[in-house]
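A.B. asks: Take a look and give me a structure for this.
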Amino acid sequence: MITALVLTVLCLLALPEITGRPVVKDAGESLRIALHVEHDGVYSENPRPPYGPTMLREPVPIMVTVAEIWAMDAVLGRAEPAAYFSGDRARYVKLQNLLWLGLLMAAAAGSAAFFGLSVPWQIAAAIAVELPFTVLVPPGTRYAIGLDSLATELAGAALLCTGSLVLTIGFARRRVRTLALASFVFGLLALTKAAFFYIYPLVLASTAVLYAAVTPAARWIRKQTALALLALALPFLVLCSAWMVRNHAQTGYFQMAERGGPIVLYRGLLDGMTHEEYAGSFYAWAASGTLQRVFGILTGFTPPDLEAGGRLQHLAMGLPGAAGQRDLENEDEGRPELALTWYRQSRAVYERYRRAEIAAGARYPPGAADRKTEADGFKLIAGRRWMHFALFVPLLLRGATVIFPLLVLTLVYARAARRGELAVFILPALGFVLFYAMITHFVQRYGWLPRPASTIALIVIVAELWRHGWPRTAAERASAQPG
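C.D. replies: Numbering: from 1, shown residues only. A predicted model of the protein is given here:
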């Protein structure tokens with residue numbers, strides 16, 4: 001009751017963070033789709049008629065927004081679409097973030113409780129995962145990531161931590177129903193962040209192998225393997241397949257979402273960097289100004305190197321001044337050969353394919369363009385494997401500077417202390433980190449998703465070391481208890 005009361009107070013204290021500031025970019029696309037679902041009965045991103053179907057954004061956050069729009073319209077009446085993108089109605093729509101924030105903090109406190117931590121530690125875990133989305137949001141990202149946004153990082157983090165906790169409980173207590181619930185939550189996560197659709201099978205395999213290696217419950221896994229796998233797979237597959245069937249019926253493509261093509265191509269283009277550019281990637285992608293200055297001293301690169309004509313112009317995601325505007329125009333017009341940065345070039349390739357598919361009368365041009373762009377990217381990756389794996393180092397420093405070491409530390413501690421359930425808990429988060437390093441350019445925004453799980457794991461380790469010292473097995477901890 002004390003923990004629940006504290007979580008409620010924290011949510012109420014976060015309320016002023018939500019304002020009527022405009023909803024733009026990716027969040028604006030999601031809001032537009034939600035408005036079309038509620039007002040026009042079609043899942044579409046088009047700003048003007050005809051409202052053709054789309055699979056651009058995942059459905060779970062959008063359907064939550066649809067419910068909020070329905071409730072708002074029931075009280076205030078329907079308004080013009082522009083009224084929902086700023087002002088009071090935008091603020092009311094963003095209030096859903098309090099639900100996601102509450103779920104995230106409840107998952108953090110519940111995880112701490114499951115690992116045997118006392119109420120103060122539970123509250124500490126809840127606060128530790130809450131502050132980065134509220135008080136400690138870095139300048140420039142509050143609008144894009146924090147509570148005052150409809151970005152999906154908060155929702156994804158809440159579902160990831162909840163699913164990780166339920167999965168861990170299911171394995172530790174050998175409950176098939178709990179495993180089925182974990183599968184259901186992870187299905188919702190995949191319908192919030194489509195990347196998890198590709199991560200989940202590897203998470204399941206790794207979890208089973210790791211758990212069998214370090215816990216005495218392996219006998220249970222061997223006896224009920226088929227039932228456990230069915231419980232873990234079926235709800236996830238049902239949820240994801242239903243959405244993919246919808247996409248196939250509406251667009252002709254049996255997949256979770258689009259948008260992957262330009263990202264994969266951009267990753268492939270990055271794999272073609274020179275040795276000088278590789279050294280410069282540590283400077284260009286440094287996670288903070290301080291770290292960038294350190295790498296600048298070590299490598300000799302300076303800010304002008306990231307401008308048009310600079311040694312690292314290809315690595316910049318946007319160029320300043322007129323050069324940046326021209327690069328954006330080249331992207332919009334589908335002229336990759338004129339784009340200076342690889343980021344704009346990859347998106348310009350997609351735009352060129354999209355325009356060609358429209359001219360050819362394709363049923364769903366964005367889907368066809370996305371597939372072709374993705375194929376181009378995988379071809380580049382296949383021919384540049386050494387650099388592809390070498391880029392893991394600067395990309396992990398870019399998007400998971402602290403997160404990845406924490407996750408590795410957790411695995412080491414779990415093995416040393418025979419805490420297999422702790423390793424199971426962080427595997428989904430580790431899957432996200434490795435997937436982003438493998439397939440994407442791993443911008444810092446991506447790291448917001450696995451950050452809370454790594455924070456919870458760190459708190460569990462600190463609490464156990466505080467109480468017992470390093471490292472004690474379960475048997476040693478039990479023998480140390482009085483009586």
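A.B. asks: And the helix or strand hosting Ala249, what does it pack against?
C.D. replies: For Ala249, the element it lies in under DSSP states H and E is helix 225-251. Here helix 225-251 touches helix 176-190, helix 195-214, going by 3 or more C-beta pairs under 8 Å, 6 or more residues apart in numbering; DSSP states H and E. For glycine as for every other residue, the C-beta is placed from the backbone atoms N, C-alpha and C.
A.B. asks: just these: most buried one?
C.D. replies: helix 176-190 (a mean of 22; mean count of other C-beta atoms under 10 Å).
A.B. asks: who touches that one?
C.D. replies: 58, 60, 156, 159-160, 162-163, 166-167, 169-171, 196-197, 200, 224, 227-228, 231-240, 256, 428 (C-beta atoms under 8 Å, 6 or more residues apart in numbering).
A.B. asks: now the helices for the stretch 351-483 of the chain?
C.D. replies: Counting by DSSP state H, counting those that start in this stretch, the stretch 351-483 of the chain has helices at residues 365-382, 385-390, 392-399, 403-416, 420-439, 451-468, 474-480.
A.B. asks: So which elements touch the longest one?
C.D. replies: Using 3+ C-beta pairs under 8 Å, 6+ apart as the contact criterion, the neighbours of helix 420-439 among helices and strands are helix 153-173, helix 195-214, helix 260-270, helix 392-399, helix 403-416, helix 451-468.
A.B. asks: With mean pLDDT as new columns, can these be given to me in CSV?
C.D. replies: CSV is the format used below for those (pLDDT from 0 to 100):
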stretch, mean pLDDT
helix 153-173, 94
helix 195-214, 80
helix 260-270, 96
helix 392-399, 95
helix 403-416, 94
helix 451-468, 93
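A.B. asks: Determine which of those helices approaches Phe378 most closely.
C.D. replies: When the helices and strands packed on helix 420-439 are compared by C-beta to C-beta, helix 260-270 sits nearest Phe378, at 6.2 Å.
A.B. asks: Just the mean pLDDT for stretch 367-382, thanks.
C.D. replies: Here stretch 367-382 scores 96 as its mean pLDDT.
A.B. asks: I meant stretch 50-61, not that one.
C.D. replies: Stretch 50-61 shows a mean pLDDT of 92.
A.B. asks: same thing with stretch 81-91?
C.D. replies: According to the model, stretch 81-91 has a mean pLDDT of 94.
A.B. asks: quick one on the thing from earlier: Thr19: which of the helices and strands packed on helix 225-251 is closest?
C.D. replies: Thr19 lies closest to helix 176-190 among the helices and strands packed on helix 225-251, at 27.6 Å (C-beta to C-beta).
A.B. asks: next one: that closest one to chain centre, how far?
C.D. replies: Put simply, helix 176-190 sits 17 Å off its chain's centre (C-alpha atoms, centre = their mean, to the nearest Å).
A.B. asks: so how far is the helix holding Ala249 from its chain's centroid?
C.D. replies: That offset, for helix 225-251, works out to 20 Å (C-alpha atoms, centre = their mean).
A.B. asks: got the angle between it and helix 195-214?
C.D. replies: Going by axes from the mean of the first three to the mean of the last three C-alpha atoms, to 10 degrees, helix 225-251 is angled at 170 degrees with respect to helix 195-214.
A.B. asks: Can you mark which positions in helix 225-251 are buried?
C.D. replies: By 16 or more other C-beta atoms under 10 Å, the buried positions in helix 225-251 come out as 228, 231-233, 235-236, 239-240, 243-244, 247, 250-251.
A.B. asks: Tabulate these (CSV), appending distance to Leu406 and pLDDT.
C.D. replies: Below are the buried residues of helix 225-251 laid out as CSV (distance: C-beta to C-beta, whole Å; pLDDT from 0 to 100):
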residue, distance to Leu406, pLDDT
Ala228, 29, 79
Ala231, 30, 89
Leu232, 26, 91
Ala233, 29, 92
Pro235, 29, 96
Phe236, 26, 97
Leu239, 30, 97
Cys240, 29, 97
Trp243, 32, 97
Met244, 34, 97
Asn247, 36, 96
Gln250, 41, 95
Thr251, 39, 94
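A.B. asks: Show the contacting residues for the residue lying closest to Tyr92 once chain neighbours are set aside.
C.D. replies: Excluding the flanking residues, the one nearest Tyr92 by C-beta to C-beta, 6 or more residues apart in numbering is Met72, at 5.3 Å. Under the criterion of C-beta under 8 Å, 6+ apart, the neighbours of Met72 are Arg89, Tyr92, Val93.
A.B. asks: Tabulate those residues in TSV, adding columns for distance to Ser44.
C.D. replies: Output for these, formatted as TSV (distance: C-beta to C-beta, whole Å):
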residue	distance to Ser44
Arg89	20
Tyr92	22
Val93	18
